[in-house]
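**Q** can you look at this prediction? I've put the sequence above it.
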Amino acid sequence: MKLERACIYPKDIQRITGRTERYGRKLLSKIKQHFNKEPHQFITIKEFSEYTGIDQDTIQEYVTS
């Protein structure tokens with residue numbers, strides 16, 4: 001059984017979007033506000049997909065490679 005990572009990090013967003021890691025941190029902050037999460041809570045790939053409109057399978061390719 002292969003486990004897949006559930007959380008997304010700024011470096012992942014950098015790889016997906018081609019933007020800077022700082023942009024990734026800002027985007028994660030916006031997503032946390034959108035989903036009413038505390039600063040210490042993580043953003044899942046599903047939540048990132050829902051917010052950005054990027055397909056989960058596409059995101060998973062970037063995260064696992």
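**A** That came through fine.
**Q** CA only for contacts and neighbour counts going forward, please
**A** OK.
**Q** count of neighbours near residue 64?
**A** Residues near residue 64, counting by other C-alpha atoms under 10 Å, number 9.
**Q** over to residue 40?
**A** Around residue 40 there are 7 residues (other C-alpha under 10 Å).
**Q** please tell me how far it sits from residue 17.
**A** To residue 17, residue 40 is 24 Å away according to C-alpha to C-alpha, to the nearest Å.
**Q** got it, and residue 4?
**A** 20 Å.
**Q** what does residue 59 give?
**A** 10 Å.
**Q** more neighbours: which of those two?
**A** Neighbour totals were compared for residue 59 and residue 17, and residue 59 leads with 19 against 11 (other C-alpha under 10 Å).
**Q** verify the stated contact: that one with residue 45.
**A** Yes. Counting by C-alpha atoms under 8 Å, residue 45 is a contact partner of residue 59 at 7.2 Å.
**Q** show me what contacts the residue nearest in space to the middle of the chain?
**A** Centroid-nearest residue in the chain, with C-alpha atoms, centre = their mean: residue 8, separated by 3.7 Å. Shown in contact with residue 8 (C-alpha atoms under 8 Å, 6 or more residues apart in numbering): 42-45, 48, 63.
**Q** let's see that with 7 Å instead.
**A** Applying C-alpha atoms under 7 Å, 6 or more residues apart in numbering to residue 8 gives the contacts 43-45.
**Q** off-centre distance for stretch 14-26?
**A** 10 Å (C-alpha atoms, centre = their mean, to the nearest Å).
**Q** where does the protein have its least confident helix or strand?
**A** When the helices and strands of the chain are scored by mean pLDDT, DSSP states H and E, helix 56-64 comes last with a mean of 90.
**Q** tell me which residues in it are buried?
**A** Residues of helix 56-64 classed as buried by neighbour count (16 or more other C-alpha atoms under 10 Å): 59-60, 63.
**Q** returning to what we had before: from the contacts of residue 8, pick the one nearest residue 27.
**A** residue 43 (10.6 Å; C-alpha to C-alpha).
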